[in-house]
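Student: Would you be able to build a 3D model of this:
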Amino acid sequence: MFLALAPAPALSTLVQSYWFIQDLAGDHEGRPILTSPIPFAVLSVNMGRPNATEDGALVPRASMLGLQSRVRSWRSWSNTYFVMAMLTVPGIVRLFPHAGAGSADRLLDLGAITGDARADALVGGVNPAASPRKIASQLDHWLIGRLASAEPVTEARQMMAAHDILRQGGRVDQAADAAQVDRRHLQRWFNRHLGIGPKALADLERLHGSLCGVQSGQGDCGEGFSDQAHQIRNWKRRLGTTPGAYAEQGPSALAAHFSAQGQAPGPAFYL
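Tutor: Next up, the predicted model:
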């Protein structure tokens with residue numbers, strides 16, 4: 001079962017969607033699973049046998065994958081079942097403030113960010129026997145509780161103004177102007193809450209838009225790049241392939257499935 005569900009309205013700007021991956025029979029066991037650099041963080045709860053990372057370590061029962069600047073590989077088995085909350089940049093800053101420096105390009109046990117008691121509450125609050133819709137409600141409940149308990153950071157509004165500029169292809173100095181701070185100040189904020197600077201986030205946003213375009217066959221996959229050579233260099237550096245080669249090979253079954261889910265399309269997490 002591959003399924004995407006929308007979060008509660010109170011979380012709509014913070015959580016893009018919940019993704020359910022279930023392979024109890026092991027139909028996909030042993031197949032290569034690659035995930036892309038993305039301008040999202042991923043909060044996961046394992047309800048079955050955990051997947052393994054590229055170094056062989058098992059994914060924690062509750063984990064946080066911070067903003068990623070590189071491709072990651074994973075190994076799955078039979079009895080796989082997990083759910084992922086795809087956290088937007090505003091969601092990271094609002095729900096997990098100050099977590100950036102230690103989370104970017106890393107997979108963490110959620111307890112390292114929230115404390116073990118809160119991470120255990122999340123795991124204990126998700127019933128693997130429940131329907132995906134019910135599990136989504138259980139995740140809503142935990143995240144809305146976190147929304148109430150996590151103190152908003154004072155710079156959040158200015159950071160989001162800067163992020164909007166970067167998402168639209170603006171320069172870092174324009175983003176700093178929108179945030180009404182200088183570039184160095186903006187860099188400190190982004191590093192503190194996201195773990196990467198504004199230029200690196202702009203690169204991820206541009207690559208993600210390009211990958212979404214190639215996977216879905218919609219939109220301009222070259223938008224934001226100065227020319228095709230710039231796009232190809234970026235793809236090779238981050239993804240190890242070119243847009244043409246990827247399109248010719250075709251996306252994985254996971255990527256094809258989620259990019260085709262019209263009710264909650266994207267992000268382009270799987271390659």
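
Student: and the gap between the most centrally placed residue in the chain and L14?
Tutor: In the chain, the C-alpha closest to the average C-alpha coordinate belongs to F40, at a distance of 2.9 Å (C-alpha atoms, centre = their mean). Counting by C-beta to C-beta, to the nearest Å, the gap from F40 to L14 is 11 Å. For the C-beta atoms, the positions are set from N, CA and C on the backbone; glycine is no exception.

Student: got any residues that touch both of the two?
Tutor: Residues touching both F40 and L14 (C-beta atoms under 8 Å, 6 or more residues apart in numbering) are 87-88.

Student: Helix, strand, or coil at C221?
Tutor: Under DSSP: H, G, I helix; E, B strand; the rest coil, C221 falls in the coil class.

Student: What separation do you get for the residue nearest to it when sequence neighbours are not counted and P243?
Tutor: Excluding the flanking residues, the one nearest C221 by C-beta to C-beta, 6 or more residues apart in numbering is G213, at 3.2 Å. Spatial separation of G213 from P243 under the definition C-beta to C-beta is 9 Å.

Student: Give me the common contacts of the two.
Tutor: By C-beta under 8 Å, 6+ apart, the residues touching both G213 and P243 are C221.

Student: quick one: the strands in the protein?
Tutor: Taking DSSP state E, the strands of the chain run over residues 2-5, 15-23, 33-35, 41-46, 52-53, 62-65, 72-75, 80-87, 107-109.

Student: Please state the offset of the fourth one from the chain centre?
Tutor: Centroid separation for strand 41-46 versus its chain: 9 Å, with C-alpha atoms, centre = their mean, to the nearest Å.

Student: One more: the fifth one?
Tutor: Computed by C-alpha atoms, centre = their mean, the separation of strand 52-53 from the middle of its chain amounts to 17 Å.

Student: Quick check on the residue nearest to the centre of the chain: phi, psi?
Tutor: Backbone dihedrals for F40, given as degrees, to the nearest 10, come out at phi -130, psi 160.

Student: Could you pull up the residues touching it?
Tutor: Applying C-beta under 8 Å, 6+ apart, we find F40 in contact with 16, 67, 86-89, 267, 269.

Student: now it: how far from F269?
Tutor: 7 Å.

Student: and of the strands of the chain, who's closest to L186?
Tutor: strand 41-46 (19.5 Å; C-beta to C-beta).

Student: Which residues does the closest one contact?
Tutor: Identification of contacts with strand 41-46 by C-beta under 8 Å, 6+ apart yields 59-67, 81-87, 91-92, 96, 103, 110, 122-123, 126, 139, 269.

Student: Could you list the buried residues of stretch 55-75?
Tutor: Across stretch 55-75, burial judged by 16 or more other C-beta atoms under 10 Å covers 59-69, 72.

Student: Could you do stretch 205-221 as well?
Tutor: Of the residues in stretch 205-221, those buried under the neighbour-count criterion (16+ other C-beta under 10 Å) are 205-216, 221.
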